[in-house]
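>>> A predicted structure for the sequence below; I have some questions about it.
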Amino acid sequence: MYGTNRQFAEQYRKVGVSTSVVDADPHKLVALLLAGACERIRTAEAALQRSDQARKGKAIGEACSIVGHLDGSLDHEAGGEIAANLSALYEFVIVRLTEGNLHNDPAALKDALNLMMEIDSAWNAIPGDQRQIRGAGAP
């Protein structure tokens, strides 16, 4: 019975995430990715404390994938210097995550998490009326 309840809880969680993604605007999608990266880094930190190398590596790999996607989705033409700076931060986060993974370095994971939390905080502080993503031809 316990396994069944756990399975239903996991299915509910997946449906909840899927529903969030389907209903999300572009700003919310980025917010979900940022939150997901932070969650994976926290999971990696906890796994490192428990000496669970497999879980740590998986969580770091997932975090790197999310951060890589965020970096790859930057519009450098429209974003200019801000996009370039964000890209450099994302690249640094990936380097710190990799170092944390290779050297079991909790400080490297903490650095990565702190940077991602700062980016997440700044992203979520954007006023609602400025969250519209304009098309290529918009003024």
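It's in.

>>> can we go C-alpha only for contacts and neighbour counts from here?
Will do.

>>> check which helix or strand Ala37 maps to.
helix 26-49 (DSSP states H and E).

>>> likewise Ile126?
Ile126 belongs to no helix or strand, assigned by DSSP H and E.

>>> residue contacts, Asn104?
Shown in contact with Asn104 (C-alpha atoms under 8 Å, 6 or more residues apart in numbering): Leu48.

>>> likewise for Thr98?
Ile60.

>>> ok, Leu33 next?
So Leu33 contacts Ile66, Leu70 (C-alpha under 8 Å, 6+ apart).

>>> check Ala63 too.
Gly36, Ala37, Cys38, Arg40, Ile41.

>>> any idea which element it lies in?
Per DSSP H and E: helix 53-72 holds Ala63.

>>> buried stuff in that helix?
55-64, 66-68, 70-71 (16 or more other C-alpha atoms under 10 Å).

>>> ok, then the element right after it?
helix 76-103.

>>> just the buried positions in that next one, please.
Buried, per 16+ other C-alpha under 10 Å, within helix 76-103: 83-84, 86-87, 89-91, 93-94, 96-101.

>>> looking at the contacts of Ala63, which is nearest Asn114?
Lowest distance from Asn114 to these (C-alpha to C-alpha) belongs to Cys38, with 8.8 Å.

>>> give me every residue that touches Leu109.
So Leu109 contacts Ile41, Ala44, Glu45, Arg96, Leu97, Gly100 (C-alpha under 8 Å, 6+ apart).
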